[in-house]
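Student: Curious how this folds, go ahead:
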Amino acid sequence: VPFISVDDVFAEYEAGKSFIFLDARPSVDYNLRHITGAYSIPFYEVAQHFEAFPKDVWYISYCGCPHAESGIVAEYFLNNEHQTVGILDEGYLVWEERGYPTENGP
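Tutor: Here you go, the predicted structure:
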């Protein structure tokens, strides 16, 4: 699974590119704060949520790093016929530190 830097993903986000953020962290973390527009798909529930996501979309999986949770989600997607999946390299905390868009709540 390719790792894509926070700054590169944000540049694509700002340019209006079409992709979906997958927050692989536990739901409690997602509910506190997450990347704007992200979907909660906790790494330990990926099989339960997987079918809700179409195969012809670009996905960026993220967690708090070091990639353990986001890697599980991204690999599951790749192993189940999704070809366009990446991992936010520096993770959620760097995204937030940079002041990139985040939101509260479920």
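Student: could you give the mean pLDDT of stretch 90-103?
Tutor: Stretch 90-103 carries an average pLDDT of 96.
Student: So which bits of that stretch are buried?
Tutor: 90, 91, 92, 94, 95, 96, 100 (16 or more other Cβ atoms under 10 Å). No exception for glycine: its C-beta is placed from N, CA and C like everyone else's.
Student: Take those residues and lay them out in TSV including secondary structure.
Tutor: Written out in TSV, the entries for those read as follows (DSSP: H, G, I helix; E, B strand; the rest coil):
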residue	secondary structure
90	coil
91	helix
92	helix
94	helix
95	helix
96	helix
100	coil
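Student: now, the most widely separated pair of those residues?
Tutor: Maximum pairwise distance in the buried residues of stretch 90-103, criterion Cβ to Cβ, is 11.9 Å, between 91 and 100.
Student: Which residues are in contact with each of those two?
Tutor: residue 6 (Cβ atoms under 8 Å, 6 or more residues apart in numbering).
Student: how about residue 50, what does it touch?
Tutor: 41, 76, 77, 80.
Student: How about the last one, nearest residue that isn't a chain neighbour?
Tutor: Looking back up the chat, that one is residue 80. Computed as Cβ to Cβ, 6 or more residues apart in numbering, the closest residue to residue 80 that is not its neighbour in sequence is residue 50, at 6.4 Å.
Student: what about the one you found, distance to residue 88?
Tutor: In this structure, residue 50 and residue 88 are 19 Å apart, going by Cβ to Cβ, to the nearest Å.
Student: now residue 23
Tutor: The gap separating residue 23 from residue 88 is 10 Å, by Cβ to Cβ.
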